[in-house]
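Colleague: Fold the following and give me the result.
(chains A and B)
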Amino acid sequence: MCGIAGILYKDGATPRALGSDLITMLDGCQHRGPDSTGFALYHEGTEHDRLRLRFFVGEGEEASSTLARIKEKMSEFGAEVIEEELIGSTARVIVRFDGDLQAFAYAMEHVAKVVSIGSRLDIVKDIGGAHDVDDNYHIAEFKGSHGIGHVRLATESDVTPDASHPFWATGFADIAIVHNGQITNYWKMRRRLEKRGFEFNTDNDSELIAVYLADKLAQDHTLSEALESSIDDLDGTFSFLVSTQDEIGYAKDRLAAKPMVMYEDGDLVAIASEEVSLNRLFPGEALATSEPTPGTYRTWQRST
Amino acid sequence: MATVDLASLSVREANERIREFAEAGEDVDVLNPDARHHIGVGLVRPITLRIHGSAGYFCGGLTDGPRVEVDANVGWGLADNMLSGSMVVRGNASAIAGVAIRGPDVVVHGNIGSRAGQVMKEGTLLAGGNASFMAGYMMYGGRLVICGDSGEQLGQDMTGGTIYVGGRIQSLGTDAMLTDLDREDADELAEFLDRYEIPFTGSFQKIVNAGKQLRYARSEPRVRVIPFFEASEVTNYWNEKVQEDVSIKAQLGRYRIRGYGAARPLAHLSDLAFKQDLSMVPPDPGAVDRVELSTSLGGRFGATPIELSMPVMIAPMSYGALSKSTKIALAKASALSDICDNTGEGGLSDEVRAAAKRIVFQCLGGRLGWNIHDMRRADGIEIYISQGAKPGLGGQLMAKKVTPEIARIRGIPANIDLRSPSRHPDVLGADDLVIKVEEFREATGYEKPISVKLGAGRVKDDIKIAYKDGFDYTCLDGLQGSTGAASSEVLEFVGIPTLSAIVEGLDALEEIEATGMPIVLMGGIKDGLDTAKAIALGAHAVAMGTSAIIAGGCIACLQCHVGQCVVGIATQDPEHEKRYQIDPEALNIHRFLESVRWQLASILNAHNYANVYELSRADLVALTREAAEITRLPYAPEYRDAPQRLQVATG
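Modeller: Now for the predicted structure:
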């Protein structure tokens, strides 16, 4: 139960005001989900052997001791910590690592709650509205080429930072998802993926979509192909946005029970649950928006 | 010409100004709308409202008479329940454009989203472009014109009205069929297209209801059924009741339909007892004067609360299921006892409005009888999500009861077996619901309490949503609640018992530290003792339906659905309704309500409490292990023989 938003500036060469644009869009649909807000942002210019990790570590003493455990496990994997910071209820760590990412990621998950892992991806999510999260994590300062975001009204699980969205595709770098809806064949799909060795850290259906898509990408499918098959494989009502290192995409179920509106011009593409979020980016203008039709998907890639 | 600029005003402020200008007969230009929701909601004057940009959800919704023009696009629920006037959108409209309209012209130059014209009743909805899937879903009447292509399942479950498509039709829905376009249709369409300057040169295909599913193939047999509650688990397995059930299904070839609620034994308030010996309270006519029973509901967000002389309401029951005479008697009784009535489905008649001192107007998914004027003259607005007797299912009103008058009020064809929609067109999740609630507040100037009625199912999740979506109070309806017609299997086996419902509901609110959203409990509340127990458990008030009906002459034959009610309650047949004497029955119901008041007062006196909300869980014990499990009250079988009956005061 929520609102989603995503934006991609087509010219990826010049970083743009990604953070503040996403804040604006999410604030525009905050009525759809006042409980928590989250952002999946992509950093620029990361070296190939660097990994960014963000963990929920709590605060104070708990944060320090969790971070110590994380670093201990990192050293077991030969990951060299280059940068670390405790911020809000999270720890942000940058390491030099080029081993088996999946094994490393699962090991990290077993020590602490991972928010995201990627060479460029950084997910920031916490309870409160878009501006509350910005106050604690300085999202507005973030410059980048693309990202997605989510406002959540908690219905079936608690109002906690880790139940917030976006979700990272557990075990896979740089893939994030925001989803509005409900996947009804969740357990069936999850068991299939678990049989193949994938791990899940929540019972949230958004995590499932992320892992599902990441698995397809790992099998050398394009994002478009992954989205196309998701519409057949997933049951239920869904409108979701997915982001990778340099793409964003959407998929919408055949029942179209969950709203989605998009705006595209030569400069950018912006997608949101409601037009009001898009219009916030262009105050006073009447936008030529369109609504993805039921059972469709599409992707956009930034230029480099 | 007046101007309202949304760059500097909130939608609420803007709508207030628009209404003021409208009262003065002035047209209004809305600047910088920026796709915001609820613009122009609640307008009932024939002014022109020009929206210079895009509008969000429910643009021009709950209106009667205005001419609205939108330069660009609109969100979900365009012209929701508009009664008359016109709506012209230059761009595209999102899902459920023209939902539940009852007469206006709604013209969208671009495309329309899915489920356009859902439950529309009268008027014209036109798309210059294409329509997404399920256009005309459950439409009851009116005209839906699609100049471009139509998506899948066009006219799904339509019962009336006509659809015209200029382009390709992907597929037709259940019970929709193509028919010939005659000259008159073509002329009328051409005239409409001309009037709104829609360029269209092709020809239209015409789609109507095929009429194969408007009635059940077989109606309920007119047999003298075994009237009451004997369930197979309780007595011998293949007892008479079971045999009867099998035989009737052998004739019908489907589920049986009956009135009333669950008949099997379930843990209930009667499995709880007060520790205090109530028999020691002498019958005392002065009991009522020594205690405070009055309360109010609905002030959580500054609306005018509904005042109640005691924590009891009349449960929602439709005009349709019940005769108008019965609805009037209930309204009168509620006024005499200074409590609050509820319309149920099927609108608010002048007679009932006049008779009830306070009444809540209920909004159901079919929007049958729903309109802005009655919203305005009600004392509270209630969104029905589901009911305890049949959670997740819509109402059933058999053809016998769908008389021309009932059909006129509801805006549907007469003489159909009406199966009301089980869900709202514009509420597919908690996120949509919050926008719907806001629409109702905008339409009524934030003056009316907005409540939600929930049939007990996933109580914990649902009540949290109710709290977060900003309802003033929640009516929680358990499995023991009754209905005018439902499948007997559903009545018996679908739902959560009232006792579990209240406990789960309160637990959920505590979990999220929610305060200020009272619960009104219903579902098998039969007297003051049940009321007192419900309040001791934590309910703020109760609502009574079946007991009020019985007080007013119902003989509990369970044949409410048939429409031939021998006492004139569950019927629309004038010959049968004649038997119902409004004033004497109103007095009977009133006297019953007063007995509830007296019982409540006596229970308070027995506890030396001055106020009804001094009752608490500490006063209660559970008489059965099951009830103890459900309520976490101490299991105290020794109270089983303790006198719990109160003598009823006379006079």
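
Colleague: which bits of the stretch 151-300 of chain A sit near chain B?
Modeller: Within the stretch 151-300 of chain A, the positions adjacent to chain B are A:153-156, A:159, A:180-181, A:237, A:254, A:256-259, A:261, A:273-276, A:278-280, A:283-291, A:293-294 by Cβ under 8 Å from any Cβ of the partner chain. The way it works is simple: take the backbone N, C-alpha and C, and place the C-beta from them, glycine included.

Colleague: So which of these belong to helices?
Modeller: If you go by DSSP state H, those have A:Glu275, A:Val276, A:Leu278, A:Asn279, A:Arg280 in helices.

Colleague: I'd like these as a markdown table, with pLDDT and neighbour count appended.
Modeller: Below are those laid out as a markdown table (pLDDT from 0 to 100; neighbours: other Cβ atoms under 10 Å in any protein chain shown):
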| residue | pLDDT | neighbour count |
| --- | --- | --- |
| A:Glu275 | 96 | 32 |
| A:Val276 | 96 | 25 |
| A:Leu278 | 97 | 27 |
| A:Asn279 | 96 | 30 |
| A:Arg280 | 97 | 23 |
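
Colleague: Return the closest of those with respect to B:Ala95.
Modeller: Of all those, B:Ala95 sits closest to A:Glu275, with 12.2 Å by Cβ to Cβ.

Colleague: B:Gly347 and B:Arg367 touch, don't they?
Modeller: No - using Cβ atoms under 8 Å, B:Gly347 is not in contact with B:Arg367, being 10.1 Å away.

Colleague: The two: which is more packed in?
Modeller: B:Arg367 (27 against 22; other Cβ atoms under 10 Å in any protein chain shown).

Colleague: Contact partners for the more buried one?
Modeller: B:Asn81, B:Val99, B:Ala100, B:Val119, B:Pro425 (Cβ atoms under 8 Å, 6 or more residues apart in numbering or on different chains).

Colleague: my read: the fourth one touches B:Gly366, true?
Modeller: Which is B:Val119. Yes - under the criterion of Cβ under 8 Å, B:Val119 makes contact with B:Gly366 at 5.5 Å.

Colleague: which of the two has more neighbours?
Modeller: Remark: of B:Val119 and B:Gly366, B:Val119 carries more neighbours, 32 against 28, as counted by other Cβ under 10 Å.

Colleague: Now do the contacts for that one.
Modeller: Contact analysis of B:Val119 by Cβ under 8 Å, 6+ apart lists B:Val99, B:Ala100, B:Tyr137, B:Met138, B:Met139, B:Tyr140, B:Gly365, B:Gly366, B:Arg367, B:Pro421, B:Pro425.

Colleague: secondary structure class for the fourth one?
Modeller: Translated: B:Met138. Following DSSP: H, G, I helix; E, B strand; the rest coil, B:Met138 is assigned to coil.

Colleague: Mind pulling up the pLDDT for it?
Modeller: At B:Met138, the model reports a pLDDT of 96.

Colleague: how much space between it and chain A?
Modeller: 15 Å (Cβ to the nearest Cβ, to the nearest Å).

Colleague: per-domain residue ranges of chain A.
Modeller: A:2-45+A:127-301, A:48-119 (automatic domain parsing).

Colleague: So for B:Glu447, which of those sits nearest?
Modeller: Nearest to B:Glu447, of all the domains of chain A, is domain A:2-45+A:127-301, at 20.9 Å by Cβ to Cβ.

Colleague: what about that closest one, how long is it end to end?
Modeller: 26 Å (Cα to Cα, to the nearest Å).

Colleague: thinking again about what came up before, now restrict the residues of the stretch 151-300 of chain A next to chain B to buried residues only.
Modeller: Neighbour-count burial (16 or more other Cβ atoms under 10 Å in any protein chain shown) applied to these gives A:153-155, A:159, A:180-181, A:237, A:256-259, A:261, A:273-276, A:278-280, A:286-287, A:289, A:291, A:293-294.

Colleague: Find the residue closest to B:Cys59 in space, skipping its chain neighbours.
Modeller: Among residues not flanking B:Cys59 along the chain, B:Val74 sits closest, at 4.6 Å (Cβ to Cβ, 6 or more residues apart in numbering or on different chains).

Colleague: distance from the centroid: which residue in chain B tops it?
Modeller: Computed with Cα atoms, centre = their mean, the maximum C-alpha offset from the centroid of chain B is found at B:Thr201, amounting to 43.4 Å.

Colleague: pLDDT value on it, please?
Modeller: 91.

Colleague: now it, what's its secondary structure?
Modeller: At B:Thr201, secondary structure determined by three-state DSSP is coil.

Colleague: Show the pLDDT at B:Ser602.
Modeller: As predicted, B:Ser602 sits at a pLDDT of 93.

Colleague: Surely it and B:Ser279 touch.
Modeller: No - counting by Cβ under 8 Å, B:Ser602 does not reach B:Ser279; the two are 10.6 Å apart.

Colleague: Looking at these two, which is more packed in?
Modeller: Counted by other Cβ under 10 Å, B:Ser602 and B:Ser279 do not tie: B:Ser602 has more neighbours, with 25 against 13.

Colleague: Apart from its chain neighbours, what residue comes closest to the residue lying farthest from the centre of chain A?
Modeller: Computed with Cα atoms, centre = their mean, the maximum C-alpha offset from the centroid of chain A is found at A:Gly284, amounting to 29.6 Å. Closest residue to A:Gly284 apart from its sequence neighbours, by Cβ to Cβ, 6+ apart: B:Asn32 at 5.0 Å.

Colleague: that older thread, which residues are common contacts for B:Val119 and B:Gly366?
Modeller: Going by Cβ under 8 Å, 6+ apart, residues that sit against B:Val119 and also against B:Gly366 are B:Met138, B:Pro421.
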